[in-house]
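K.L.:
the following block contains a protein sequence and its predicted model.
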Amino acid sequence: ETGVTQSPTHLIKTRGQQVTLRCSSQSGHNTVSWYQQALGQGPQFIFQYYREEENGRGNFPPRFSGLQFPNYSSELNVNALELDDSALYLCASSLARQGRNTEAFFGQGTRLTVV
Amino acid sequence: AQSVTQPDIHITVSEGASLELRCNYSYGATPYLFWYVQSPGQGLQLLLKYFSGDTLVQGIKGFEAEFKRSQSSFNLRKPSVHWSDAAEYFCAVGSNTGNQFYFGTGTSLTVIP
């Protein structure tokens, strides 16, 4: 079992609303990444935060935004929700070392349903 | 651009039979390769990883994978499947900077008694 926790586990929102998802990193990790996993698909990279700054972004619109806090926990914010935003949102934490990829540990995810 | 292809959407095997899940990747440099498993409604659990060195890597739960650069493949194998192995399996390639992962679309494994 990893030390990555996400909240809430499930969420239902109405189209046009805003949502905030939260993630607590595994102890000692300094990097958090967020992924969107639509039903029947593989996870798609949204963005990554390293030491409180965005460190890479996938092909997602600006209404997807995030924060990383000094304790390395993170939030994913989505504005103006659309029906297609319904998905499992996964948070992954890792200990990034310059020039070297390391394994990422995933949380259990937040299931977002937009109606 | 990085990409991962898992050609088999769904595989069914009998309990005790051997298993091989295919993964092909596209990456411009030495790839970092991973296999993850996902049970229904759950997050991803790392099975094994390849960064460098021995091309045959061992993972948890009796899984192994072999990196073949000439074929751009990283197939996952298990000699004897257990009913508890039924799940979704994802192959991923990691960028060599930034810890970004690119996942395949997954292979769903069904195990029959």
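P.N.:
Perfect, thanks for sending it.
K.L.:
just the strands in chain B please.
P.N.:
For chain B, the strands defined by DSSP state E cover B:3-5, B:10-14, B:19-21, B:24-26, B:32-38, B:45-50, B:56-58, B:64-68, B:73-78, B:87-94, B:101-103, B:107-112.
K.L.:
chain A: which of those is closest?
P.N.:
strand B:101-103 (3.5 Å; CB to the nearest CB). No exception for glycine: its C-beta is placed from N, CA and C like everyone else's.
K.L.:
sheet partners, orientation included, of that closest one?
P.N.:
strand B:87-94 (antiparallel) (DSSP bridges).
K.L.:
could you give the mean pLDDT of the strand it pairs with?
P.N.:
Strand B:87-94 comes out with an average pLDDT of 95.
K.L.:
now swap in stretch B:62-76 and tell me
P.N.:
Stretch B:62-76 comes out at a mean pLDDT of 96.
K.L.:
re earlier: how about the strands of chain B in a markdown table, adding mean neighbour count?
P.N.:
Below are these laid out as a markdown table (neighbours: other CB atoms under 10 Å in any protein chain shown):
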| stretch | mean neighbour count |
| --- | --- |
| strand B:3-5 | 17 |
| strand B:10-14 | 13 |
| strand B:19-21 | 18 |
| strand B:24-26 | 16 |
| strand B:32-38 | 23 |
| strand B:45-50 | 20 |
| strand B:56-58 | 14 |
| strand B:64-68 | 18 |
| strand B:73-78 | 20 |
| strand B:87-94 | 24 |
| strand B:101-103 | 24 |
| strand B:107-112 | 16 |
